[in-house]
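> turn this into a structure:
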Amino acid sequence: MMKISNETKVGALTAITITLMVLGFNFLKGKSLLKTGNFIYAKFSDAKALTTSNPVYVNGFQIGSVYEIENDDANLKSISVAIKLKGEYNIPDNSVASISSNPLGTPSIEIALGNSTNKLTHGSIIETVENEGILGDLKNKFVPVADQLKMTTKTLDSVLKNINSIFDANAKNNLQGIVANINKTTASLIVSSASIETMLNQQSGSIAQSMNNVNSFTKNLTAQNDKINSTLGNLEKTSAQLAASDIAGSVNQLKGAIENLNGVIKKIDSKEGSIGLLLNDKTLYNNLTNTVRSANILMDDLKTHPKRYVNISVFGKKDKSTPLSAPINDTLTKKP
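Okay, here's the model as predicted:
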């Protein structure tokens, strides 16, 4: 039987101890040597200080932990996180994972479950979204307030500039000039009021004389009161006579005459009576036109064939030509 030396035993024991320590350390970190179990993967652009063995939660319940973190490219723009699940969980394939950073503790991964009927399987890649965390929320809330403060500061600065532009040296001089002018105006008003008072005192005699004239005029009116009463009496009598006259009867007679005249005009405008027929009936006009035309034909025929009507020649023959059926054009166009 081969005898094992003490050095070999110590070396083997040391190797076994180191191996057990590595396995125990990885076990405490959530890793296993053979990488067994159910894994899903998530890719983030910012790991936010996430490390291995950090918890993974769904609705506040830990379903796994971070197994390992690796970069997909040399630029570190995409970081792949392997999540080891503690068991078989039905996670919809449209669920979303995000890194929740905690200022007072370690960061973790939060998975918001979707509503899909398809489930994530071993090796699937879950969708991710960047979660800014508490500090990000505070930043988002503080940014609008900061913008408003900036706008307020700019507005206040503009107001101060306007005030400074108003109260510059020239404006101050102008204000002083305005105050000086107001003082001069006040002094002028005082002088003017004194002048007006003096003028009124000087004109007091004229005003008294005017009042005396008014009194004289009223006295004259009182003296002529009888004549005025007589004149008013005559006016009253005249108005009474006008009121007693039969103005209404005269107006009624005038209305009757106008109505009779309207009746005569209506009859003339209608076909009643001789005047209405002469004005409105075309038959008489046509008859007169035909009569005049016949007379024109007779005169033209008499001029053209006088032997037909007067036969004085002893040797002459009777004119047997056809009588005229229309007047000659010269007769028609001849003007009187």
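> on the three-state scheme, Ser116 is what?
Following DSSP: H, G, I helix; E, B strand; the rest coil, we place Ser116 in the coil state.
> from Lys161, how far off is it?
For Ser116, the distance to Lys161 (CB to CB, to the nearest Å) stands at 60 Å. C-betas here are computed from N, CA, C, even on glycine.
> residue contacts, Ile91?
Residues near Ile91 by CB atoms under 8 Å, 6 or more residues apart in numbering: Ile40, Val58, Ile111, Leu113, Lys119, Leu120, Ile126.
> Glu70 touches Thr52, doesn't it?
No. Glu70 is beyond contact range of Thr52, at 10.7 Å (criterion: CB atoms under 8 Å).
> neighbour count: these two, which is higher?
Using other CB atoms under 10 Å, the more surrounded residue of Glu70 and Thr52 is Thr52, with 16 against 10.
> element containing that one?
If you go by DSSP states H and E, Thr52 is not part of any helix or strand.
> per-residue pLDDT, it?
Listed pLDDT for Thr52 reads 88.
> the one 4 residues further on too?
Per-residue confidence (pLDDT) for Val56: 93.
> hmm, Ser65 and it touching each other?
Yes. Because the distance of 5.9 Å satisfies CB under 8 Å, Val56 is recorded as touching Ser65.
> related to what we said a few turns ago, from the contacts of Ile91, which would you call buried?
Burial by neighbour count, 16 or more other CB atoms under 10 Å: within the contacts of Ile91 this picks out Ile40, Val58, Ile111, Leu120, Ile126.
> got the phi/psi numbers for the fourth one?
Main-chain dihedrals, Leu120, degrees, to the nearest 10: phi -70, psi 140.
> any idea how far it is from Ala194?
Taking CB to CB, one finds Leu120 at 105 Å from Ala194.
> over to the third one?
As judged by CB to CB, Ile111 and Ala194 stand 97 Å apart.
> same thing with the second one?
When CB to CB is the yardstick, Val58 and Ala194 sit 99 Å from each other.
> scan the chain for its longest strand.
Ranked by number of residues, the top strand in the chain under DSSP state E is strand 61-71.
> give the buried residues for that one.
Across strand 61-71, burial judged by 16+ other CB under 10 Å covers Ile63, Gly64, Ser65, Val66, Tyr67, Glu68.
> all strands of the chain, in order?
Using DSSP E, strands in the chain cover 38-44, 55-58, 61-71, 79-85, 96-100, 108-112, 125-128.
> what's the mean pLDDT across the last one?
Taken as a whole, strand 125-128 has an average pLDDT of 92.
> tell me the strands beside it, with direction?
strand 38-44 (parallel), strand 96-100 (parallel) (DSSP bridges).
> and that strand, how far from the chain's centre?
50 Å (CA atoms, centre = their mean, to the nearest Å).
> kindly report the same for the third one.
Its chain's C-alpha centre lies 59 Å from the corresponding centre of strand 61-71 when counted by CA atoms, centre = their mean.
> packing partners for it?
Applying 3 or more CB pairs under 8 Å, 6 or more residues apart in numbering; DSSP states H and E, one finds that strand 61-71 contacts strand 55-58, strand 79-85.
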